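Undergrad: coords below, sequence missing:
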């Protein structure tokens, strides 16, 4: 069971570069989301999606883009990386809560991104 | 907006003792869900336990239990008989009320637990 797969595990970017963090899940979950984790700040929601073709902003969306063309994939794009985007990024998914409100988020193993 | 507060940045406990990690939350909606996650040093997020606002009993999962006090808006995690492998960061999170956007989880800042032999 693969669950939620994130790639890459580590990435170093220079300021101004762009890149895409990949996220794929094989559990047929409707809901997918991206969080960033910074010391002392917990996990903060960047963007989320409740199904293919539907995305919305979370708490800290600036500097990030997402799209959801399939149920399985939810990539996160950094258009022009900044040092403030140095963080650990987590992708997470769950079934749609209307049927299973107590379903936890299933997390990928994270991507550690450093922007210099 | 929903908010989760974890006031203990770090906690220490001796092996085999019980420990309580505090979590308070703020919401005006009567319907919500509370989750606890464990993050060991390897970095993955592990789901531990869930408590629904309408659940009549406190949730339990093995050595984990929730001390849910709805009137005080607290959902403290109790770990009984601590083990060395319990050393990790622990996050409390709340699912927004049913309705639009109710999939989202809001996380606290976490408590780092260190279990000593």
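TA: Now that the structure is in, tell me what you want to look at. Owing to the predicted nature of the structure, the values given are computational and were not obtained by experimental measurement. Residues are numbered from 1 along each chain as shown, chains lettered A, B, ... in the order given.
Undergrad: going forward, measure contacts and count neighbours with C-alpha atoms only.
TA: Noted.
Undergrad: stretch A:67-74: how far from the chain's middle?
TA: Centroid separation between stretch A:67-74 and its chain, computed with CA atoms, centre = their mean, to the nearest Å, is 11 Å.
Undergrad: pull the residues that contact it.
TA: For stretch A:67-74, the surrounding residues in contact (CA atoms under 8 Å, 6 or more residues apart in numbering or on different chains) are A:22-26, A:28-30, A:32-33, A:49, A:51-55, A:66, A:75-76.
Undergrad: and if you look at stretch A:93-107?
TA: Here stretch A:93-107 makes contact (CA under 8 Å, 6+ apart) with A:3-4, A:25, A:28-33, A:50, A:90-92, B:33, B:35, B:44-47, B:50-52, B:98, B:102-103.
Undergrad: ok, 7 Å please
TA: Identification of contacts with stretch A:93-107 by CA atoms under 7 Å, 6 or more residues apart in numbering or on different chains yields A:4, A:29-33, A:90-92, B:33, B:45, B:47, B:50, B:103.
Undergrad: mind checking which of the residues you listed land in strands?
TA: Where those overlap with strands, as defined by DSSP state E, the overlap consists of A:4, A:31, A:32, A:33, A:90, A:91, A:92, B:33, B:47, B:50.
Undergrad: so what pairs up with the closest residue to chain B within chain A in the strands?
TA: Ranking the residues of chain A by distance to chain B (CA to the nearest CA) places residue A:42 first, at 3.9 Å. Under the criterion DSSP bridges, residue A:42 forms beta bridges with residue A:38.
Undergrad: pull the most distant pair out of the ones in strands among the contacts of stretch A:93-107.
TA: Farthest apart among the ones in strands among the contacts of stretch A:93-107 by CA to CA are A:4 and B:33. That separation is 22.4 Å.
Undergrad: among the contacts of stretch A:93-107, which pair sits farthest apart?
TA: For the contacts of stretch A:93-107, the farthest-apart pair by CA to CA is A:4 and B:33; their separation is 22.4 Å.
Undergrad: list, one by one, the residues from chain B near chain A.
TA: Residues of chain B that fall close to chain A, judged by CA under 7 Å from any CA of the partner chain: B:33, B:43, B:44, B:45, B:47, B:50, B:103, B:107, B:108, B:109, B:110.
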